[in-house]
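Colleague: Dropping a prediction and its sequence here:
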Amino acid sequence: MIYQVYPRSFADSGGDGIGDLPGITSRLDHLAELGVDALWLSPFYPSPQADAGYDVADYRDVDPLFGTLADADKLIAEAKARGLRVIVDLVPNHTSSAHRWFTEAVAAAPGSPERQRYVFRDGKGPDGAEPPNDWVSVFGGPAWTRLPDGQWYLHLFDSGQPDLNWDNPEVRAEFLDVLRFWLDRGVDGFRVDVAHGLIKQADLADWQEPQEILSGSEVDKPRPPMWDQDGVHEIYREWRRVLDSYPGERILVAEAWVEPAERLARYVRPDEMHQAFNFEYLLAAWTAPAQYAVITRSLEATDSVGAPTTWVLSNHDVVRHASRLGLGTASGRANGVGVDDPQPDAALGLRRARAASLLMLALPGSAYLYQGEELGLPEHTTLPDEARQDPTWARSGHTERGRDGCRVPIPWEADAPSYGFGPTDASWLPQPSTWAEYALDRQRGVPGSTYELYRTALRLRREHALARGPLRFLSSGDEVLTFTNGDLTVLTNFGADPAPLPAGAQVLVSSAPLDDDAVPTDVTVWFRVV
Ligand code: NOJ
């Protein structure tokens, strides 16, 4: 079970309102008590923060906002002392425009070796005033920006995130060295950002479709020229050889918004990455047939290449599942919720989120948790627009709220300034005034709290070796999903009527109180039949 720490929002030791590495170190006991196996840290590298650190200016250092390299070493050592493994984020698709390579490229002439590290092209039209192709940025607006000398550079994300040219051997060599830099410091692996984007179709052909990170390489659709090109795989094979040359198990995890599951499975073939995020699962509707289908498909696809299946419900890019499952729409990737949008039903969302998490934590493979979900934390859906910092909001011409609502700093103590996020009231995104009830100190030791539910589930997951499986479905009806994993039986009721438990069922944990011997709507229960 891997826990995602979003450094700027986890714990602030300095009081400037931005979380930092010493803050994370000071809260490692929480992660150990919760029962996580590993943490994945979102980027903490020097960065202008045009995309919350996913615009890296130096891959071998720590941004002063978050601390120092010595703080990173201390965090890794303290985590290890508690038996926690540490995975760091690697952002190879693009650098920041403040990276030395890009400033050199801008200063150099068109056609120079400095420009070959990125994707520079002349524009179209008589004076080259039109972008080289019609691609648009994932965050909205054109995917090309023009320099004063007339050339254009590609950025699939923000203009502050120029795409690297992975056909250039110098780029490949640089990242092998970056991998070694962090492996030498003792990290246990890398979460690879936009792993499906590094290689672009050589002709950079136009693509008339609207650009989304998950534009899907669905079987019946042509593959977009910027995503999931076959050439990415040899890069990961080379990286795998580097990781395998280090002692211990070091892992690569792909962030690849690729569909269908069979296509995603190619990233985790035996000589490539170890795991890939299962976004199809995150996006699946809250119905028994949809959950049955996605679980079955995911297991089949990863089994076919011998890799562990992964499960994820929330991260720093999507609406938190405690709110997403309380929205009218059953599925989909809402790109933020604003104050004048339909608001989620908080009670329904939390009830379903607890049921969904308990279902997820019973599945074989690797589960990924996002900080705060163990508190049942909702999305901040009434964040003032002036406070928004996600580039999506501006680049979409204020049509997409973006991801700030899931990135709000964590409440630790109900009655402390910034709910214990830091020593002062400062918080880089305002915390809702209603968050005291979610604070860790209001839930710790309280039977039935979301925190204690997660703790129990993680303890049982370990005791019953649920990560190992095997999973066997007993029912996949329209309303109830039942399966066994080892000696446990798991039942989720998606229907309107209570679902009876079988005779002799001995309940180990349930996501909400049962109704005599029946499982109410939107509840998951783990039991043994004795
Ligand atoms: C995926 C990351 O999770 C997201 O936060 C980021 O904006 C993009 N990649 C670009 O790096």
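Modeller: Arrived safely, thanks for sending. Numbers count the residues shown, from 1 in each chain.
Colleague: Not counting sequence-adjacent ones, nearest residue to residue 415?
Modeller: Closest residue to residue 415 in three dimensions, ignoring its sequence neighbours and counting by Cβ to Cβ, 6 or more residues apart in numbering: residue 436, at 7.2 Å. C-beta here means a position set from N, CA and C on the backbone, and glycine is covered the same way.
Colleague: where does that neighbour land in three-state SS?
Modeller: helix (DSSP: H, G, I helix; E, B strand; the rest coil).
Colleague: I'd guessed it sits against residue 412; true?
Modeller: No: counting by Cβ atoms under 8 Å, residue 436 does not reach residue 412; the two are 10.9 Å apart.
Colleague: which neighbours do those two share?
Modeller: Counting by Cβ atoms under 8 Å, 6 or more residues apart in numbering, the contacts common to residue 436 and residue 412 are residue 419.
Colleague: related to what we said a few turns ago, now do the residue nearest to residue 415 against residue 420, distance only.
Modeller: Applying Cβ to Cβ, to the nearest Å, the value for residue 436 to residue 420 is 10 Å.
Colleague: Same drill for these two, tell me which one is more crowded.
Modeller: Remark: of residue 436 and residue 420, residue 420 carries more neighbours, 20 against 16, as counted by other Cβ atoms under 10 Å.
Colleague: Tell me the pLDDT of that one.
Modeller: We have a pLDDT of 98 for residue 420.
Colleague: Can you report how many residues neighbour the nearest residue to residue 392 once chain neighbours are set aside?
Modeller: Excluding the flanking residues, the one nearest residue 392 by Cβ to Cβ, 6+ apart is residue 402, at 3.3 Å. Other residues within reach of residue 402, judged by other Cβ under 10 Å, total 24.
Colleague: Kindly report the same for residue 350.
Modeller: When neighbours are counted by other Cβ under 10 Å, residue 350 registers 24.
Colleague: Give me the secondary structure label for it.
Modeller: Secondary structure state of residue 350, per three-state DSSP, is helix.
Colleague: got the contact list for it?
Modeller: By Cβ under 8 Å, 6+ apart, the contact list for residue 350 reads 322, 326, 376, 378, 450.
Colleague: which one among the residues you listed gets closest to residue 311?
Modeller: Relative to residue 311, the closest of these is residue 322; by Cβ to Cβ it sits at 16.4 Å.
Colleague: if I pick that closest one, what's in contact with it?
Modeller: 346, 349, 350, 353, 373, 376, 377, 378, 379 are the contacts of residue 322 under Cβ under 8 Å, 6+ apart.
Colleague: quick one: it from the ligand, how far?
Modeller: 20 Å (Cβ to the nearest ligand atom, to the nearest Å).
Colleague: Make residue 1 into 766 and carry on from there
Modeller: I'll keep to 766 as the first residue from here, and by that count the last item is residue 1087.
Colleague: Would you agree residue 1235 is in contact with residue 1129?
Modeller: Yes: counting by Cβ under 8 Å, residue 1235 touches residue 1129, with 6.8 Å between them.
Colleague: what is in contact with those two at once?
Modeller: residue 1250.
Colleague: who touches stretch 1033-1040?
Modeller: The contact list for stretch 1033-1040 (Cβ under 8 Å, 6+ apart) reads 954, 957, 960, 998, 1001-1002, 1005, 1016-1019, 1031-1032, 1041, 1067, 1070-1073, 1075, 1131.
Colleague: switch to 7 Å and redo it
Modeller: Here stretch 1033-1040 makes contact (Cβ atoms under 7 Å, 6 or more residues apart in numbering) with 998, 1001-1002, 1005, 1016-1019, 1032, 1041, 1067, 1070-1073, 1075, 1131.
Colleague: Please apply the same query to stretch 1267-1278.
Modeller: Contacts of stretch 1267-1278 (Cβ under 7 Å, 6+ apart): 1116, 1119-1120, 1123, 1218, 1221-1222, 1225, 1279, 1285, 1288-1295.
Colleague: Among those residues, name the buried ones.
Modeller: 1116, 1119-1120, 1123, 1218, 1221-1222, 1225, 1279, 1285, 1288-1292 (16 or more other Cβ atoms under 10 Å).
Colleague: picking that back up, higher neighbour count, residue 1235 and residue 1129?
Modeller: Neighbour tally, residue 1235 and residue 1129, criterion other Cβ under 10 Å: the higher count belongs to residue 1129, 20 against 11.
Colleague: so residue 936 sits right up against residue 882, yeah?
Modeller: Yes: using Cβ atoms under 7 Å, residue 936 makes contact with residue 882 at a distance of 5.8 Å.
Colleague: more neighbours, these two?
Modeller: Per other Cβ under 10 Å, whichever of residue 936 and residue 882 has more neighbours is residue 882, with 23 against 19.
Colleague: returning to what we had before: so which of the buried ones among the contacts of stretch 1267-1278 belong to strands?
Modeller: Among those, the members found in strands (DSSP state E) are 1288, 1289, 1290, 1291, 1292.
Colleague: Might you report the residue contacts of the fourth one?
Modeller: Residue 1291 is in contact with 1127, 1225, 1253, 1255, 1273, 1274, counting by Cβ under 7 Å, 6+ apart.
Colleague: quick check, nearest of those to the ligand?
Modeller: residue 1127 (26.3 Å; Cβ to the nearest ligand atom).
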